[in-house]
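**Q** Here you go, sequence then predicted model.
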Amino acid sequence: MRMMGISALIEQGVQSLAQVAIIEGRGKIRDGEVVFYHLAEGEADNAAQTALEGLGLDVTYSHENGRSYVVLRERTSAPSHRLSRTHIVLFLATILTTLAAGAMLDGHDIFRQPGTIVSGWPFSLTLLAILGIHEFGHYFYARRHRVDVSPPYFIPLPPPITFIGTLGAFIKMRGPIPNRLALLEIGAAGPIAGFLAAVPAIFLGLHLSSVVAIESPGFFLGESLLMKWATVVMFPNLGPEQDVLLHPVGFAGWIGLLVTMLNLLPLAQLDGGHIAYALLGERQEWLGRAIFVALIPMGIFLSPNWLFWGFLILILMRTVKHPPVYDVGTSLTPHELRIGIICLAIFILCFIPVPFKTI
């Protein structure tokens with residue numbers, strides 16, 4: 001019997017699911033229907049997903065308290081992947097603010113001499129390329145897994161509010177994540193792509209940098225393992241009383257490593273949260289809680305930046321827990337394990353205990 005208010009398309013989805021599963025219950029929600037079920041004997045874990053493919057429905061799978069359920073929603077419009085006016089305006093504004101940041105980092109007073117803003121192009125171009133490649137990694141794999149996703153939104157924030165001219169970029173996933181592999185690949189693709197873009201920027205920036213005598217007091221950037229290694233490679237004879245005056249291209253690469261590290265924290269819907277939930281399932285919540293609590297002593301004893309970032313995550317996401325995704329309880333494949341190991345290695349290489357310090 002068809003439920004009142006349920007569209008024929010959603011009903012078709014329920015009947016398709018009933019061919020491979022035993023329906024335990026159904027409930028109407030605002031824009032669709034939630035169906036509780038368990039698979040019929042002999043059916044594989046992906047039988048429900050296979051049964052609902054190609055129907056034109058937005059489908060969200062979840063498992064909670066040993067029970068499976070699926071939310072079926074009818075798509076109201078075809079996915080659009082075109083750049084909107086908002087995308088273009090935000091990107092142009094971010095070019096302007098990062099140009100301003102780069103020029104100011106280069107010592108120019110853009111308020112008295114506005115024309116000097118163009119001198120910030122090495123920093124702006126490098127940083128926007130790293131951020132864009134990071135987001136394109138997410139976008140590419142979202143499209144590959146047929147997830148409705150928006151092009152990247154860049155976030156401008158003019159200096160001196162922030163000395164890099166931007167709060168980064170993000171994509172908006174407007175459709176459900178179909179399974180664990182999709183969640184893992186979409187989440188990991190951004191940090192991996194951004195890391196691969198930041199590494200050559202680090203080496204090029206170091207090549208363009210100069211060696212100066214350490215002056216006290218001064219403002220210094222923290223070093224990750226990768227940054228330490230790159231500095232040793234590029235400046236093998238650097239003395240104890242010397243330091244590297246980092247070129248804007250290298251500084252943009254350094255920011256790329258910092259952004260990659262922060263995104264890989266296994267919290268909520270950060271990239272690291274996606275990866276941790278795909279690999280650990282419900283255990284991601286406990287790891288996320290432990291990491292979030294650890295930010296407090298890190299903020300007290302290492303750098304107050306960790307307290308700020310923890311507070312920002314709390315305000316924006318309000319939880320460390322990742323929302324449920326279909327089939328996270330199944331055994332991991334070697335491919336999925338490799339992705340997890342690669343992301344862990346990248347996090348270790350990018351980790352900066354004290355991002356900024358004054359000596």
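**A** Received, thanks.

**Q** Okay, now the unreliable bits of the stretch 151-300 of the chain?
**A** Counting by pLDDT under 70, the stretch 151-300 of the chain contains low-confidence ranges at 175, 216-218.

**Q** now do 90
**A** 159-163, 172-180, 212-221, 237-243, 268-269, 281-285 (pLDDT under 90).

**Q** Geometric centre of this protein: which residue is closest?
**A** The chain has Asp271 as the residue nearest its centroid, 3.7 Å off, counting by CA atoms, centre = their mean.

**Q** And the helix or strand hosting His38, what's buried?
**A** Per DSSP states H and E, His38 falls inside strand 32-39. Across strand 32-39, burial judged by 16 or more other CB atoms under 10 Å covers Gly32, Glu33, Val34, Val35, Tyr37, Leu39. No exception for glycine: its C-beta is placed from N, CA and C like everyone else's.

**Q** re the thing from before, list the contacts for the residue nearest to the centre of the chain?
**A** By CB atoms under 8 Å, 6 or more residues apart in numbering, Asp271 lies in contact with His138, Gly187, Ala188, Gly190, Pro191, Asn263, Leu264.

**Q** now for the top helix by length along the chain, which elements pack on it?
**A** Counting residues, the longest helix found in the chain (DSSP state H) is helix 180-208. Applying 3 or more CB pairs under 8 Å, 6 or more residues apart in numbering; DSSP states H and E, one finds that helix 180-208 makes contact with helix 121-144, helix 225-234, helix 248-263, helix 271-280, helix 334-350.

**Q** From Ala189, how far off is the closest residue to Thr333 other than its chain neighbours?
**A** Counting by CB to CB, 6 or more residues apart in numbering, Leu181 is the residue found nearest to Thr333 once chain neighbours are left out, at 7.9 Å. Leu181 sits 12 Å away from Ala189, going by CB to CB, to the nearest Å.

**Q** who has more neighbours, these two?
**A** For Leu181 versus Ala189, the count of surrounding residues by other CB atoms under 10 Å is larger for Ala189: 22 against 18.

**Q** Relative to Glu285, how far out is that one?
**A** According to CB to CB, Ala189 and Glu285 sit 23 Å apart.

**Q** wait, isn't Thr358 in contact with Leu221?
**A** No - contact criterion CB atoms under 8 Å: Thr358 and Leu221 do not qualify, at 11.1 Å.

**Q** Tell me the bridge partners for the closest residue in space to Ala142 that isn't next to it in sequence.
**A** In this structure, Ala142 finds its nearest non-sequential neighbour in Val149, 3.9 Å apart by CB to CB, 6+ apart. Assessed by DSSP bridges, Val149 has beta-bridge partners Met173.

**Q** Show the contacting residues for the residue lying closest to Thr116 once chain neighbours are set aside.
**A** Distances taken as CB to CB, 6+ apart put His108 closest to Thr116, at 3.9 Å, once the chain neighbours are dropped. Contacts were defined as CB under 8 Å, 6+ apart; by that measure His108 touches Thr116, Ile117, Ser119, Gly120.

**Q** His108 belongs to a strand?
**A** No - read with DSSP: H, G, I helix; E, B strand; the rest coil, His108 is coil and lies in no strand.

**Q** Quick check: the residue nearest to Gly27 when sequence neighbours are not counted vs Leu208, distance?
**A** Excluding its sequence neighbours, the residue lying closest to Gly27 (CB to CB, 6+ apart) is Val34, at 4.9 Å. Distance, Val34 to Leu208, by CB to CB: 57 Å.

**Q** quick one on the thing from earlier: name the strands paired with the strand holding His38 and say parallel or antiparallel.
**A** When DSSP bridges is applied, strand 32-39 pairs with strand 21-29 (antiparallel), strand 67-74 (antiparallel).

**Q** Return the set of buried residues in the shortest one.
**A** Of all the residues in strand 67-74, those buried under the rule 16+ other CB under 10 Å are Ser68, Tyr69, Val70, Val71, Leu72, Arg73, Glu74.

**Q** for the first one, what are its contacts?
**A** Listed by CB under 8 Å, 6+ apart, the contact set of Ser68 reads Phe36, Tyr37, His38, Leu39, Ala48, Tyr61, Ser62.

**Q** State the pair within the residues you listed that is farthest apart.
**A** Pairwise distances across these peak at 14.6 Å for Leu39 and Ser62 (criterion: CB to CB).

**Q** Now do Val14: how many residues are near it, please.
**A** Neighbour count for Val14, taken as other CB under 10 Å: 19.

**Q** That one contacts Val71, doesn't it?
**A** No - the pair Val14 and Val71 fails to qualify as a contact (CB under 8 Å) at a distance of 11.7 Å.

**Q** hey, what's in contact with both of these two?
**A** With CB under 8 Å, 6+ apart, Val14 and Val71 have common neighbours Glu33, Val35.

**Q** could you dump the buried residues of strand 67-74 to a markdown table with pLDDT and distance to Leu257?
**A** What follows is those, written out as a markdown table (pLDDT from 0 to 100; distance: CB to CB, whole Å):
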| residue | pLDDT | distance to Leu257 |
| --- | --- | --- |
| Ser68 | 75 | 40 |
| Tyr69 | 73 | 41 |
| Val70 | 76 | 40 |
| Val71 | 75 | 38 |
| Leu72 | 77 | 42 |
| Arg73 | 74 | 39 |
| Glu74 | 71 | 43 |
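
**Q** and of the residues you listed, the nearest to Lys172?
**A** Comparing the buried residues of strand 67-74 against Lys172 with CB to CB picks out Arg73 as the nearest, at 16.8 Å.
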